[in-house]
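Chemist: give me coordinates for this.
(chains A, B and C)
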Amino acid sequence: MTAAADLPRVAADTADRLARAEPLKALLTPMADVRASLATQATRVTPAGALAGMPVVVKDNICTLEFTTSCGSRILEGYRSPFEATAIARLKAAGALIAGKTNCDEFAMGSSTEHSAYGRTHHPLDPERVPGGSSGGSAALVAAGAVPAALGSETGGSVRQPAAFCGVVGIKPTYGRVSRYGLVAFGSSLDQIGVFGRTVSDAARVLRAISGHDPLDATCEDRDALALPAEPENLQGFVVGIPKEYFPPDLDPGVRRACERALGLLKQLGASLREVSLPHTAHAIPTYYIIAPAEASSNLARYDGVRYGPRFDGAVDVRALYRSTRGQGFGPEVRRRILVGTYVLSSGYYDAYYRRAQRMRALIAQDFRTVFDRGVDLLFTPSTPSPPFKAGEKLGDPVAMYLADIFTVTANLAGLPALTLPIGRVDGLPVGGQLIAPAFLEDEMLEAAFALERVVPATGDA
Amino acid sequence: MSGTAWEAVIGLETHVQLRTRSKMFCGCSSAFGAPPNTNVCPVCLGLPGALPTVNGRAIQLAVRAALALNCQVHVRSIFARKNYFYPDLPKGYQISQYEEPLATEGSLAFTSPDRGRVTATIVRLHVEEDAGKSLHDRFPKATAVDLNRSGVPLVEIVTGPDFRSPSEARAYLLALKEVLEYADISDCDLEKGSLRVDANLSVRRAGDTALGTKTEVKNINSFAFVEKALAVERDRQIAVLAAGGRIDQQTMLYDAKANAVRPQRTKEESKDYRYFPEPDLPPLVVPEAWLTEERTALPELPAARRERFATQYGLPAQDAAVLVQSRAVADYFEAVVGAGAEAKPAANWVMGEALADANARGGALRVPAGAVARLIALVKEGAVSHQAGKRVFAALAEGGGDPRAIAGSLGLLQVADINALARWVEDVLAAHAAEVARYRTGETKLLAFFVGQVMKASQGKADPKLVSPLLLERLGG
Amino acid sequence: MSVSRDEVQKIARLAELHVDDAALPALVEQMSRILDYVAQIAGVAATESAKPFIPGPAATRFRGDTAEPAPLAFPPARMAPAFRDGFFLVPRLGAFEASAQGTGEEGE
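Modeler: Numbers count the residues shown, from 1 in each chain, chains lettered A, B, ... in the order given. Here you go, the predicted structure:
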C-alpha cells in the first residue's frame, strides 16, 4: 500500500519508466497525456485501497474516460468513450492509477500485435521479434518493468500467449468471473478481461479487484470478487494432469525441456502427475476460427461512421458511407475475419459451420470436465508451441498465425480459467508454462502458481 | 375463364410496444415524445463495449400477451441476433428471438365481416427490441436519426395465412388491439406507432388449396389503410395473374397519398439476416411464479365478457358490444349493477349519459358507480323524471354529491303526493271548464292538454304518470 | 471447398465492406484457405448430436423496470461525426426505402 504522500512520486516515476520504454512502441497514449493524467489521478486516488498507488496500463480495447479507446483501429481513431468499463471503475476504486492505453492487434484479432493500425510493438528482449498478441503492448510494458501490472483481453489466448512470449505472468479468468461491460466485444462468448503481472501476486491482486458480479453484464456470474488463496508450503495432494495432445512430437524442443523441468519441480513440490487425454484438442483451432469470427462479424457491425468515430466521407448515400468507412477503417485481418464470420453465419452455411462448431465446442468442454471429474485438480501444458517468433514470419499465411494459439484457445472455448508463468528461456527468449483449472477454481490455479513461481528458474535457460 | 372468383390469402405480422417504463435491454426511459436522442445510453446507442440486460416487466407483459392469445408459453427460450445494416439500428443487429421463441401455437377468435366467427392462428409470439427512427424529409439530402425509440420493448405476433379479405384482416387487427389493450399490455396506437403491422398477401382461385406466391406489404399506418393497402395489392396481383403474368416475391410499400403500392427499391439480394443465438444474453427462463401470476391476473377478455354480459345480464348483443369496448367502461357498468341497479337501465345510463360525459371530457367516468345506481333508483321510484335525471347526472359529474339531494336542490323532485296532485287537477279543471265540457262531448284528445296544464301548474314537478289517471277519474271518463 | 469470387463479393456486400477489385484475388485465396481449414470439423460425427455449449449463467437475470439509464459522461452530440438539431445525420437513403422492420417512411 502506498501512502498518499508518495502518490505523486509514483505517478512521476511511472511516467518516466513509460517514457524509457518508448522504443517498444507499446503505449498508444501520447506521453504528455499520460504524465498529466497520472499527476491528476495521484491527487484523487484512495490511498487505503487494496491497490493504492499501483500503476496499471490498459489494453486499448477497454473503455476508459481518461484516454481515448481506439482498439488499435483507424475506425475508432480518436474515439473518446463516454463511459468507462466496470473493471476500470473497480481498479480506480481500489486505488490503482490508470497509466495509459496499450497497443494491440486491431479489435484484438491477432497473435503478434502486428495487425495494429498504429504500428507493431517490439518484443522487450529482441526488437525484431513480436511480443505476442493481441495484448502485446500490455505484456511488453510489464516485462520491461514500466508497470507492475496491466489489463489485457482474452478471446483465444490474447493475454496468456503474449505473457508467455514476454516472460511475465498472465491470467485468464473463468468466463463470467469479470464483467465485460466496457470491453469492446470481439467474440462475446469467449471474451474476458485478463491480467498481466510481474509476479503471480501482483496479477492476482489486480484480478481480485476487478472481479465479481456486475448487473450491467448479463453474462457475468452472480458471485463475489475472487478470494485470494494463501501461498502454500507445498503442493501435497494436488493432482496435475498432463494432456498428451499438448505435447505433440513436433513440439519445439526448447519448450519441451522447459516444461519437463517445470513438471519435475511440481513433483518435487509434492504434486502427483498423471497423463490424461483431451481427445478433441485437434479440432479446437478450426472451431475457434468459426465461432470467434462469426461473433466478431456481428459485433463489428456497429462501426459504420454514423454515431461515433471518424467518417470517411464523400459518400453519396448511406450504403456508400458504410462501405467506405468500413472498407477504409478496418485493416486486412479484421476484414478477413468479418468476411469469414459473415460467411459461416450465412444462409446455407450456418448448419455446416456455426451450428457444428458450437457442438464441437461442447465436446471440447466435455473433455475437460471428464478429466477434472476423475480426480485431476489442474492441467499443466506449454503456453505456446514455440518461443517468440520474428516479426513478419507468420504474415504470409493467415492459418499459420492462427496456430500460434493452439494451446490457449481450448480454455476460451471451454470457459475455463488459465494462467501462464515464465518457466525458462530458450536461446534467451522467454517460454511460459500454463495451468488450467476447473471453472471458478482460480484459487487452486493460483496456489500452484505461487508455489511453482518460488522455485522455477524463470530466466534460466531450459 | 370468366366467373371464377379469386380469393386473397393474408397473414399478418404485428409489432406491439409493451407498456413499460424502461427499454427492453437498458434502463433508459421508453416514454414517447422526448426531444431526439435524449433517452439514450451506451447500450441503446450501440457504443463499443456496451451490453444488454433484460427488463423483467417486459417479459412479464409478453407472457401475459401470450396467455391472452392462448399460446403455449415456452419456459425456456433463446434471444437471437437479427443482423442487418440501417442507420436507426445502432448495433447493426436487432436482439430478437428466432429458433426458440417465447411462445407458439396460439389463437384469437374474432368476428369476420364475411364469414362470421373465425379463429386466427397465432403461429408465434416473441420478444425483441425496437429500432430508432429515421426521418427522410427533415433535412435536404440527409436522413435524420433519432435513437430514443431504439431498444423499446416489442412483442412480435405472427398469424398463419388465415384471412381471406382485407376487411377480415382489419377485423382481426381490431380484435387483437382490443385484447392487448384489455390486458394492459400496450396502448396499441397505430398512428403513434405502438402497434405496427406488415402483411403477407397472395391470391388464388377460389377453391384452390395451394398457396400462390406472396408479397410482403409494408408501410401501413392506420387501420383504415390496412384494408385499402391490402385491397390494392390483392387487385394488383389478380390483374397480373389474370393477364397471364407471374407474381414476383418482393416487398411492396403502401403509399397512402396515392392509394397505391410499389416495390421497395432495393438492389440487394433477398435479405439474409444470419440469425444466431445472442451470446450476450443467457437463455430466457420464465419463473413459474410469473406464469401463475399472469394467468391469474389475466382479465376476462372481451369476447368472453361480451358473452357473459348477454347471458348474465340479459343485454342485447349490441349493448354488450358497446359496454365491453373499453375495460374501464365494462367494469363501471358492472359496478353500477353491483351497487343495486338493474342491468338494462344501468346499461342505458352508462352507454348514454356516462359515456357522453366521458367522451366530452377526455375519458374519465366521473360519476361514482354508487351514485349512478342511486340515481337510477330515484328515476325508477318516480321521484324524478328521466329528463330531470339527466340534469341530476350532469350536476353529479361536475360536483359530485348525492342524487336525491341534488334533485331536491334543483327543484326536480317530482311530486307523487296524491293530494297535491289532486289539488292541481281540481285547479286546472276548474280553470278550463270549457275544455272540460268539450272533453266530455268526446274530444278525448284534450287529455294531453289537461296533463300539460297540470304540469305547468306544478312547475313541472307533477309526476305525469300519476296525473293522467287522476284526470281520467275526475273527468269521469 | 473453396469460395468463388462472386461469393466473396456477395459476402462483402452483406457485411457492408468495400473490397477493391485489385485486392479481390488475394482475398478469395485467403478466404478459401481459411474456410477449407475450418471445414475439417465437418468430418467429426459426434457434432451431429452434441448440444451446443453456452458458457456463463444458465438463465438470464431480470432488471427492474425503473427508468434509470446507464451513465453517459457527455451527450451524443459530442461524439457524433454529423449532428444537427438533436439528430444524427447520414447521407440520404434512396427515396422511399423503408427499413427491414417495416417501420416505414417517416415524413414531416
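Chemist: for the rest of this, base every contact and every neighbour count on C-alpha atoms.
Modeler: Noted.
Chemist: buried set for stretch B:102-119?
Modeler: Residues B:L102, B:A103, B:T104, B:E105, B:G106, B:S107, B:L108, B:F110, B:S112, B:V118, B:T119 are the ones in stretch B:102-119 that count as buried (16 or more other Cα atoms under 10 Å in any protein chain shown).
Chemist: quick check: phi and psi on the second one?
Modeler: Same thing as B:A103. With angles defined as degrees, to the nearest 10, B:A103 sits at phi -150, psi 150.
Chemist: from chain C, how far out is it?
Modeler: 17 Å (Cα to the nearest Cα, to the nearest Å).
Chemist: picking that back up, nearest to chain A, of the buried residues of stretch B:102-119?
Modeler: B:L102 (18.6 Å; Cα to the nearest Cα).
Chemist: against chain A, how distant is B:L410?
Modeler: For B:L410 relative to chain A (Cα to the nearest Cα), the value is 64 Å.
Chemist: contacting residues for that residue?
Modeler: By Cα atoms under 8 Å, 6 or more residues apart in numbering or on different chains, the contact list for B:L410 is empty.
Chemist: kindly report the same for B:S96.
Modeler: Listed by Cα under 8 Å, 6+ apart, the contact partners of B:S96 are B:F79, B:A80, B:R81, B:K82, B:H126, B:V127, B:E128, B:E129.
Chemist: convert the C-alpha atoms of the strand or helix carrying it to CSV, please.
Modeler: In this structure, B:S96 sits in strand B:93-97 according to DSSP states H and E. This file holds the C-alpha atoms of strand B:93-97, laid out as CSV (Å, rounded to 0.1, in the frame of the first residue of the first chain):
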residue,chain,number,x,y,z
TYR,B,93,-28.3,-6.1,-35.4
GLN,B,94,-31.6,-6.3,-33.6
ILE,B,95,-31.8,-8.5,-30.5
SER,B,96,-34.9,-10.7,-31.2
GLN,B,97,-35.8,-14.4,-31.0
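Chemist: quick one: average pLDDT of it?
Modeler: Strand B:93-97 shows a mean pLDDT of 98.
Chemist: check which element follows it along the chain.
Modeler: With DSSP H and E, the next secondary element past strand B:93-97 is strand B:103-112.
Chemist: next SSE downstream of that following strand?
Modeler: Using DSSP H and E, the helix or strand that follows strand B:103-112 towards the C-terminus is strand B:116-129.
Chemist: who does the following helix or strand past that next one touch, helix- and strand-wise?
Modeler: Using DSSP H and E, the next helix or strand after strand B:116-129 towards the C-terminus is strand B:133-139. Packing partners of strand B:133-139 (3 or more Cα pairs under 8 Å, 6 or more residues apart in numbering or on different chains; DSSP states H and E): strand B:142-146.
Chemist: check what contacts the strand it packs on and list those residues.
Modeler: Outside strand B:142-146, the residues that touch it by Cα under 8 Å, 6+ apart are B:36-37, B:87-88, B:132-138, C:86-93.
Chemist: buried ones among these?
Modeler: B:36-37, B:87-88, B:132-137, C:87-93.
Chemist: any stretches of the stretch 251-400 of chain B with poor pLDDT?
Modeler: B:265-270 (pLDDT under 70).
Chemist: give me that answer again for 50
Modeler: Filtered on pLDDT under 50, the stretch 251-400 of chain B yields no residues whatsoever.
Chemist: contact residues of it facing chain A?
Modeler: Within the stretch 251-400 of chain B, the positions lying close to chain A (Cα under 8 Å from any Cα of the partner chain) are B:D272, B:Y273, B:R274, B:Y275, B:F276, B:P279, B:D280, B:L281, B:P282.
Chemist: show me what contacts B:L281?
Modeler: Contacts of B:L281 by Cα under 8 Å, 6+ apart are A:A218, A:T219, B:P52, B:T53, B:F79, C:T60.
Chemist: what's the burial count for the fourth one?
Modeler: So that's B:T53. 23 (other Cα atoms under 10 Å in any protein chain shown).
Chemist: which residue is the nearest non-sequential neighbour of it?
Modeler: B:F25 (4.8 Å; Cα to Cα, 6 or more residues apart in numbering or on different chains).
Chemist: and the last one, by the same measure?
Modeler: In space, and not counting its chain neighbours, C:T60 is closest to B:P282: 4.8 Å by Cα to Cα, 6+ apart.
Chemist: in which helix or strand would I find the one you found?
Modeler: Per DSSP H and E, there is no helix or strand for B:P282.
Chemist: could you do A:Q358 as well?
Modeler: Element membership for A:Q358, per DSSP H and E: helix A:356-373.
Chemist: which of the residues in that helix are buried?
Modeler: A:356-369, A:371-372.
Chemist: identify each buried residue in the longest helix along chain B, please.
Modeler: Across chain B, the longest stretch assigned as helix under DSSP state H is helix B:223-242. The neighbour-count check on helix B:223-242 (16+ other Cα under 10 Å) flags B:223, B:225-234, B:236-238 as buried.
Chemist: residues touching the spatially most central residue of chain C, list them.
Modeler: Taking Cα atoms, centre = their mean, the centroid of chain C lies closest to C:A15, which sits 6.4 Å from it. Shown in contact with C:A15 (Cα under 8 Å, 6+ apart): A:S297, A:A301, A:I338, A:L339, A:T342.
Chemist: look at B:D248 and say how many residues are nearby.
Modeler: Using other Cα under 10 Å, B:D248 has 11 other residues around it.
Chemist: got the angle for the biggest strand by length in chain C vs strand B:133-139?
Modeler: The longest strand of chain C (DSSP state E) is strand C:87-91. Strand C:87-91 runs at 70 degrees relative to strand B:133-139, counting by axes from the mean of the first three to the mean of the last three Cα atoms, to 10 degrees.
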